[in-house]
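Engineer: Turn this into a structure:
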Amino acid sequence: MDDSDATPHAGRNGTSTASADAGQRDDTAAAVREAIASAEVGTEELYVDLTAIDGVSTISVRDGVASVEISLPVPSQTLREQLAADVIAAAESVDDVESVDVDFQASAADPGEHVDMLPDVKNVVAVASGKGGVGKSTVATNLAAALADTGATVGLLDADVYGPNAPTLLGLDERQPNATSDDEMVPREAYGVRTMSMEFITGEDDPIIWRGPLVDEFIKQLFGDVRWGKLDYLIVDLPPGTGDAHLSLVQHFPVAGAVIVTTPQEVAVDDAARGLVGFARHDTPVLGIVENMAGFECPDCESLHDIFGTGGADDLADQFDVPVLGRVPLEPAVGSMDDDGDSGRPPGIDVPLVGRLELPRTQEERTQGNRAPPLACRTDGGATREQLRIAATRIAARLNEAAVTFRE
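Structural biologist: A predicted model of the protein is given here:
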């Protein structure tokens with residue numbers, strides 16, 4: 001290398017041209033950031049302004065090429081494409097920018113509020129419903145899997161003490177978790193999600209009958225006696241209703257936000273409203289609503305049937321001024337635990353006078369191989385997969401917004 005390559009030339013005023021070029025690049029990068037902010041990128045897709053929630057981490061400009069890094073888990077390919085297009089359009093309006101590269105990194109904002117039991121967890125996210133049977137555990141598990149699929153570090157705490165389902169949904173059959181030398185339990189892991197559940201530590205057919213104080217102690221134990229490690233998100237699947245588990249969570253831990261799961265019909269929406277009010281009374285940000293079982297596309301006639309009605313989530317969202325994060329249609333594959341192929345009949349148990357319930361309840365069926373991944377990770381998941389990934393993206397964005405608001 002000769003001196004002309006190694007040493008910057010001086011300008012007429014004695015300032016090196018290299019320094020002047022660097023300053024110009026910084027000015028252009030600042031102009032790109034301002035253009036993205038002025039365009040309010042993300043407001044329509046994510047319900048938040050991407051720049052206002054620390055969603056744009058770095059911008060650099062060199063030789064007319066602007067490189068923009070979006071630091072937010074974006075599982076939804078549809079939203080990635082739209083966000084990238086909006087960023088490119090905004091950046092290309094800046095002088096000296098000829099082209100734009102957009103990169104996505106799964107970096108979660110940290111509100112900075114931690115407790116001793118969870119020193120390395122950035123965001124605790126509650127997933128709740130006012131009543132059972134709305135698919136809350138399925139939604140929570142798929143949201144966790146979708147976020148992990150982007151590269152975020154994710155844990156799933158199955159705190160539904162009366163009906164733990166996370167191990168079944170993730171195909172985790174081992175009963176007893178491992179322990180460290182400090183007697184901390186080590187979460188099981190599947191599809192990038194570190195999972196702890198009551199089902200790991202109770203007998204397979206034991207009924208779970210606990211009074212309030214025991215629920216409180218168990219919730220604290222699942223947080224404090226588990227080696228979660230560093231997590232961007234800890235998704236907590238709560239029991240239905242507004243009982244002891246909910247109070248334990250909001251009283252002992254810094255909950256970054258809550259997601260309310262409902263179905264469209266009025267009875268589910270009414271109960272979901274009570275759950276939403278419960279979090280609001282404890283100053284827990286409600287990130288939004290996920291409407292599950294929102295229509296069924298008939299495979300024969302290809303028509304969309306609103307089996308449980310329509311508009312319930314919209315009414316709830318309008319009433320409490322929160323967004324609908326996603327509408328997840330009915331999909332038979334959600335409850336299917338096996339890959340296509342060998343099994344002649346679906347997993348489940350035969351109930352007299354009722355028929356076969358398609359739930360893997362027996363030990364034999366729980367341990368069968370070839371489990372299909374959560375629908376949010378399946379390439380053949382269709383509209384249901386996409387809606388779950390859209391909801392996960394919007395939850396991540398709303399958590400960033402809550403973190404920025406908390407720091408301010």
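Engineer: what about the helices in the stretch 101-250 of the chain?
Structural biologist: 136-149, 166-170, 212-224, 244-252 (DSSP state H, counting those that start in this stretch).
Engineer: Now tabulate those helices in JSON lines and tack on mean neighbour count, mean pLDDT and distance to residue 84.
Structural biologist: Bear in mind the C-beta positions are built from the backbone N, C-alpha and C, glycine included. Output for the helices of the stretch 101-250 of the chain, formatted as JSON lines (neighbours: other CB atoms under 10 Å; pLDDT from 0 to 100; distance: least, CB to CB, whole Å):
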{"stretch": "helix 136-149", "mean neighbour count": "28", "mean pLDDT": "94", "distance to residue 84": "18"}
{"stretch": "helix 166-170", "mean neighbour count": "25", "mean pLDDT": "84", "distance to residue 84": "31"}
{"stretch": "helix 212-224", "mean neighbour count": "17", "mean pLDDT": "69", "distance to residue 84": "37"}
{"stretch": "helix 244-252", "mean neighbour count": "20", "mean pLDDT": "67", "distance to residue 84": "36"}
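Engineer: Distance to residue 24 for those - can I get that in a markdown table?
Structural biologist: A markdown table is the format used below for those (distance: least, CB to CB, whole Å):
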| stretch | distance to residue 24 |
| --- | --- |
| helix 136-149 | 38 |
| helix 166-170 | 51 |
| helix 212-224 | 50 |
| helix 244-252 | 50 |
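Engineer: closest to residue 190 out of those?
Structural biologist: Residue 190 lies closest, by CB to CB, to one member of the helices of the stretch 101-250 of the chain: helix 166-170, at 4.2 Å.
Engineer: The longest helix along the chain packs against which elements?
Structural biologist: The residue-count maximum for a helix in the chain (DSSP state H) belongs to helix 382-407. With contacts taken as 3 or more CB pairs under 8 Å, 6 or more residues apart in numbering; DSSP states H and E, helix 382-407 sits against helix 43-46, helix 77-91, strand 121-128, helix 136-149, strand 255-262, strand 286-292, strand 324-328.
Engineer: Show me what the fifth one is packed against.
Structural biologist: So the one you mean is strand 255-262. Going by 3+ CB pairs under 8 Å, 6+ apart, strand 255-262 lies up against strand 121-128, helix 136-149, helix 266-281, strand 286-292, helix 312-320, helix 382-407.
Engineer: Reformat these as TSV; add distance to residue 306.
Structural biologist: Formatted as TSV, the helices and strands packed on strand 255-262 follow (distance: least, CB to CB, whole Å):
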stretch	distance to residue 306
strand 121-128	24
helix 136-149	19
helix 266-281	13
strand 286-292	11
helix 312-320	10
helix 382-407	14
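Engineer: closest to residue 87 out of these?
Structural biologist: That would be helix 382-407 among those, by CB to CB, at 14.3 Å.
Engineer: how about low-confidence regions in the stretch 1-150 of the chain?
Structural biologist: Where the stretch 1-150 of the chain drops to pLDDT under 70, the residues are 1-23.
Engineer: switch to 80 and redo it
Structural biologist: Low-confidence segments of the stretch 1-150 of the chain (pLDDT under 80): 1-25, 130-133.
Engineer: Repeat that for the stretch 251-400 of the chain.
Structural biologist: 251-253, 265-267, 275, 280-282, 295-312, 330-372.
Engineer: quick one, which of the helices of the stretch 101-250 of the chain is nearest to residue 92?
Structural biologist: helix 136-149 (30.1 Å).
Engineer: Next, the angle from the closest one to helix 382-407.
Structural biologist: Between helix 136-149 and helix 382-407, the angle comes out at 80 degrees (axes from the mean of the first three to the mean of the last three CA atoms, to 10 degrees).
Engineer: what helices or strands is helix 136-149 leaning on?
Structural biologist: Taking 3+ CB pairs under 8 Å, 6+ apart as the contact cut, helix 136-149 packs with strand 121-128, strand 154-158, helix 166-170, strand 193-197, strand 231-237, strand 255-262, strand 286-292, helix 382-407.
Engineer: show me what contacts residue 287?
Structural biologist: By CB atoms under 8 Å, 6 or more residues apart in numbering, residue 287 lies in contact with 125, 257, 258, 259, 322, 325, 394, 395, 398, 399, 402.
Engineer: between those, which is nearest residue 387?
Structural biologist: So of the contacts of residue 287, ranked by how close each gets to residue 387 (CB to CB), first place is residue 325, at 9.4 Å.
Engineer: Give the burial count for the closest one, as a bare number.
Structural biologist: The number of residues packed near residue 325 is 28, by other CB atoms under 10 Å.
Engineer: swap in residue 37?
Structural biologist: 15.
Engineer: ok, and the closest non-adjacent residue to it?
Structural biologist: In this structure, residue 37 finds its nearest non-sequential neighbour in residue 51, 4.2 Å apart by CB to CB, 6 or more residues apart in numbering.
Engineer: quick revisit: so which of the helices and strands packed on helix 382-407 gets nearest residue 106?
Structural biologist: Proximity to residue 106 (CB to CB) singles out helix 136-149 among those, at 7.7 Å.
Engineer: circling back: quick one: the helices and strands packed on helix 136-149 as a markdown table, columns for distance to residue 178 too.
Structural biologist: Output for the helices and strands packed on helix 136-149, formatted as a markdown table (distance: least, CB to CB, whole Å):
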| stretch | distance to residue 178 |
| --- | --- |
| strand 121-128 | 20 |
| strand 154-158 | 16 |
| helix 166-170 | 15 |
| strand 193-197 | 11 |
| strand 231-237 | 18 |
| strand 255-262 | 28 |
| strand 286-292 | 33 |
| helix 382-407 | 28 |
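Engineer: give me every residue that touches the closest residue to residue 239 other than its chain neighbours.
Structural biologist: Excluding the flanking residues, the one nearest residue 239 by CB to CB, 6+ apart is residue 160, at 4.7 Å. When contacts are counted by CB under 8 Å, 6+ apart, residue 160 touches 136, 137, 198, 237, 238, 239, 240, 245.
Engineer: now these as CSV including distance to residue 86?
Structural biologist: Formatted as CSV, those follow (distance: CB to CB, whole Å):
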residue, distance to residue 86
136, 33
137, 34
198, 43
237, 33
238, 35
239, 40
240, 39
245, 40
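Engineer: Tell me the one among these nearest to residue 102.
Structural biologist: For those, the closest approach to residue 102 (CB to CB) belongs to residue 237, at 33.3 Å.
Engineer: neighbours around that closest one, how many?
Structural biologist: Residue 237: 31 surrounding residues under other CB under 10 Å.
Engineer: can you tell which of the helices and strands packed on helix 382-407 is closest to residue 222?
Structural biologist: Of those, nearest to residue 222 by CB to CB is strand 121-128, at 12.0 Å.
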